[in-house]
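Student: 3D model of this:
(one chain, ligands or ions: 2)
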Amino acid sequence: MKIMNAPWWARLQMMLYYCGVVICDPVFQHSEMQKIIQSKEKFDVFIVEIFSTECFLGIAHTLDIPVVVGMISSVAVPWSNDIMRNPEIPSYIPNYLSGLTDKMNFFQRIQNTWHFLYTKTFYRYFSDKPSYKIAKKYLSDNLPDFDWLRSKISLILANGHLTISPPRALAPGFKDVGGIHIPLSGPPPLPKDLQNYLDNQREDGVIYFSLGSQLDGTTMPEQVLVAFYRAFEQLPQQILWKCTEEKMPTLPRNVKCIEWAPQLSILCHPNVRMFITHGGLLGTQEAVYCGVPMLGIPLFGDQHSNVAYSVKKGLALELDYYGLSYETISSALNEMLKNKSYGEVAQRASLQFRDRPIPPVEEGVYWIEYLIRHGPDSLKIEAANLTWYQYLLLDIVCVITADDCSYVWQVPAQNRCEWVKTIHDCNTDSVFQYTELLFCTFNSDNKLLFSVGLMPMVLWLLYMFLMLGTTADNL
Ligand SMILES: *[C@@H]1O[C@H](CO)[C@@H](O)[C@H](O)[C@H]1NC(C)=O
Ligand SMILES: *[C@@H]1O[C@H](CO)[C@@H](O)[C@H](O)[C@H]1NC(C)=O
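Tutor: Ligands and ions are numbered 1, 2, ... in the order given. Alright, predicted model coming up:
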């Protein structure tokens, strides 16, 4: 709850800290980890989580491990895209934390661009900086910087899939293996009592309700709990709620509390009609795998984006946590139970989610072994070796614009505007005649004004730098 109510900048800062930086010291200090670091043993592959910190990345360098593989338990996080040089265009790729989908209007694209900028900047400040300090303390004072270490990553395996996050262009070294946690043999069998309970609801079905491990019924404000109770009471369906019965006010007759839920097996039971969820990634994957429509109540992190995409696909409805009332809950439940289209879309998504050339876990293994067979660079694109200004062709831009236009500084100040207008290279080729604007409107005589005129260009360069990033070169 604390994290939900925090302002946007503090939310990301907290995520980077509590899901990342805070784990570095204890893991490095762990005796097993110390043993490994000091062992000088030879390893072929180093698999490391890329989520909110890169503090463990240097271990591969210390132990001289040739193949480094990054794993992400969520879909591609913004800072992971730079590593493999995934195209990262905010016009259609929604930022992880934006709560947007791939279809954005003008204002949403502004919002999305803003999310891109600050997430990447924050990552460098609030994750890289403290993490690097900790990594140096445990590994070596001469540890190469993170940009260099990141350039040694050969492959990233992320937890996305077309059906649960917007499709996007990915570099060959970046593989989406979403649903990797789902057993190849399908959902394990249910405990006997749950199996009987679910089997017996053939007529009206069951609504499964879980807001994950962070939020159970007992921490909800009382009026929200009452609203859920009232809405549930009026349904013919049974509600299977992941909660602790002793801590809840007396439950309506059709609500059953279970403290621990074998979620995948429940969702895949044919009598389950709907999943009320906070929109966590794994729960979303499980619902899509089983073909169950969702009523999403996202709380924080990527949950807003996950739910938004399911809503766009037509297999979910979204409820705002702060707008929860009897009316909103009841109308969403009724719409979803009456309108068959959510279930049908969910069924089709399930077929698509399962339709793969090889199961995700085998695909992950395949690509790791591929690197061992063909070398650590075998999936990389040359873009990873370019510096940021080469990657963005800024060096070419400089050479072209410097060609004739640089003489402008040898022309007396009062004549510069006229001169720029007459020189072809300074002027006529650009759609937006920026040089003319600079020298005529902003006037190079007035340093202050001129600097203001230069600002858009400087900001543009900064934007390109942050957006398309750099990993291979040492800044
Ligand atoms: C059912 O829901 C879909 C998707 O939201 C919508 O397009 C359709 O009009 C709805 N049908 C009815 C009968 O309300
Ligand atoms: C990047 O440069 C290094 C060093 O020159 C080279 O070994 C590597 O193969 C290059 N990477 C790619 C993807 O070509």
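Student: for the closest residue to ligand 2 within the stretch 151-300 of the chain, give its distance to residue 37.
Tutor: Residue nearest to ligand 2 within the stretch 151-300 of the chain: residue 151 (8.4 Å; CB to the nearest ligand atom). Bear in mind the C-beta positions are built from the backbone N, C-alpha and C, glycine included. Distance, residue 151 to residue 37, using CB to CB, to the nearest Å: 22 Å.
Student: hmm, back to that, the residue of the stretch 151-300 of the chain closest to ligand 2 is in contact with residue 384, isn't it?
Tutor: Yes. Between residue 151 and residue 384 there is a contact under CB atoms under 8 Å: 6.3 Å.
Student: between those two, which one's more packed in?
Tutor: Between residue 151 and residue 384, counted using other CB atoms under 10 Å, residue 384 has the larger neighbour count: 21 against 18.
Student: let me see the domain layout of the protein.
Tutor: As given by the TED database, the domain ranges for the chain are 8-182+359-385, 192-351, 388-469.
Student: the stretch 51-200 of the chain: strands as residue ranges?
Tutor: Taking DSSP state E, counting those that start in this stretch, the strands of the stretch 51-200 of the chain run over residues 67-71, 153-158, 174-176.
Student: near the residue in the chain positioned nearest to ligand 1, how many other residues are there?
Tutor: Taking CB to the nearest ligand atom, ligand 1 has its nearest neighbour within the chain at residue 339, 3.6 Å off. By other CB under 10 Å, 12 other residues sit near residue 339.
Student: what do you get for residue 156?
Tutor: Neighbours of residue 156 (other CB under 10 Å): 26.
Student: confidence score at it?
Tutor: Looking at residue 156, its pLDDT is 97.
Student: repeat that for residue 200.
Tutor: In this model, residue 200 carries a pLDDT of 96.
Student: how close does it get to residue 238?
Tutor: Using CB to CB, which is the criterion applied here, residue 200 is 9 Å from residue 238.
Student: the more surrounded of those two?
Tutor: The residue with more neighbours, out of residue 200 and residue 238, is residue 238; 24 against 11, by other CB under 10 Å.
Student: look up which residues are beta-bridged to the more buried one.
Tutor: Beta-bridge pairing for residue 238 (DSSP bridges): residue 206.
Student: wait, doesn't it sit right on residue 201?
Tutor: Yes. Using CB under 8 Å, residue 238 makes contact with residue 201 at a distance of 5.1 Å.
Student: how about the strands in the stretch 251-400 of the chain?
Tutor: Along the stretch 251-400 of the chain, the stretches classed as strands by DSSP E, counting those that start in this stretch are 255-258, 272-277, 294-296, 316-318.
Student: how many neighbours does residue 34 have?
Tutor: 12.
Student: contacts for the helix or strand in which it is found next, please.
Tutor: Under the criterion of DSSP states H and E, residue 34 resides in helix 31-39. Contact partners of helix 31-39, identified using CB atoms under 8 Å, 6 or more residues apart in numbering, comprise 27-28, 59, 62-63, 138-139.
Student: can you pick out the most distant pair from these?
Tutor: Greatest spacing in these, by CB to CB: 27 and 63 (15.4 Å).
Student: higher neighbour count, these two?
Tutor: residue 63 (17 against 14).
Student: now do the phi/psi pair for that one.
Tutor: Per-residue torsions, residue 63: phi -90, psi 0 (degrees, to the nearest 10).
Student: which SS class is the nearest residue to it once chain neighbours are set aside?
Tutor: For residue 63, ignoring the flanking residues on the chain, the nearest one in space by CB to CB, 6 or more residues apart in numbering is residue 43 at 6.1 Å. Under DSSP: H, G, I helix; E, B strand; the rest coil, the three-state class of residue 43 is coil.
Student: what's the span of stretch 86-98 from first residue to last?
Tutor: 19 Å (CA to CA, to the nearest Å).
Student: residues near the residue nearest to residue 63, how many?
Tutor: Neighbourhood size, residue 43 [other CB under 10 Å]: 15.
Student: one more: residue 75?
Tutor: Counted with other CB under 10 Å, residues neighbouring residue 75 total 22.
Student: mind checking pLDDT for it?
Tutor: You'll see residue 75 listed with a pLDDT of 93.
Student: test my guess that it contacts residue 163.
Tutor: No. The criterion here is CB under 8 Å, and residue 75 misses it with residue 163 at 11.7 Å.
Student: that older thread, which stretch in the strands of the stretch 251-400 of the chain has the least confidence?
Tutor: Among those, strand 255-258 has the lowest mean pLDDT, at a mean of 94.
Student: helices or strands up against it?
Tutor: strand 238-242 (3 or more CB pairs under 8 Å, 6 or more residues apart in numbering; DSSP states H and E).
Student: what is the orientation angle of the strand it packs on with strand 272-277?
Tutor: 40 degrees (axes from the mean of the first three to the mean of the last three CA atoms, to 10 degrees).
Student: list the contacts of residue 123.
Tutor: So residue 123 contacts 16, 78-79 (CB under 8 Å, 6+ apart).
Student: what about the protein, any weak spots by pLDDT?
Tutor: 1-4, 397-404, 424-432, 463-475 (pLDDT under 70).
Student: mind doing that once more with 80?
Tutor: For the chain, the stretches with pLDDT under 80 are 1-9, 213-219, 387-389, 391-408, 420, 422-437, 443-445, 456-475.
Student: that one against ligand 1: which residues are in contact?
Tutor: Contact residues (CB under 6 Å from any ligand atom) of the chain with ligand 1: 314, 339, 341.
Student: so how far is residue 389 from the residue nearest to residue 63?
Tutor: Distance from residue 43 to residue 389, by CB to CB: 35 Å.
Student: residues near the residue nearest to residue 170 when sequence neighbours are not counted, how many?
Tutor: Spatial nearest neighbour of residue 170, chain neighbours left out: residue 86 (5.4 Å); criterion: CB to CB, 6+ apart. Residue neighbour count, defined by other CB under 10 Å, stands at 20 for residue 86.
Student: hmm, residue 86 is touching residue 174, no?
Tutor: Yes. Contact criterion CB under 8 Å: residue 86 and residue 174 qualify, at 5.5 Å.
Student: where do the contact lists of the two overlap?
Tutor: Contacts common to residue 86 and residue 174, judged by CB under 8 Å, 6+ apart, are 76, 80.
Student: neighbours around the nearest residue to residue 205 once chain neighbours are set aside, how many?
Tutor: Spatially, and ignoring its direct neighbours in sequence, residue 205 is nearest to residue 273 (3.8 Å; CB to CB, 6+ apart). Counted with other CB under 10 Å, residues neighbouring residue 273 total 19.
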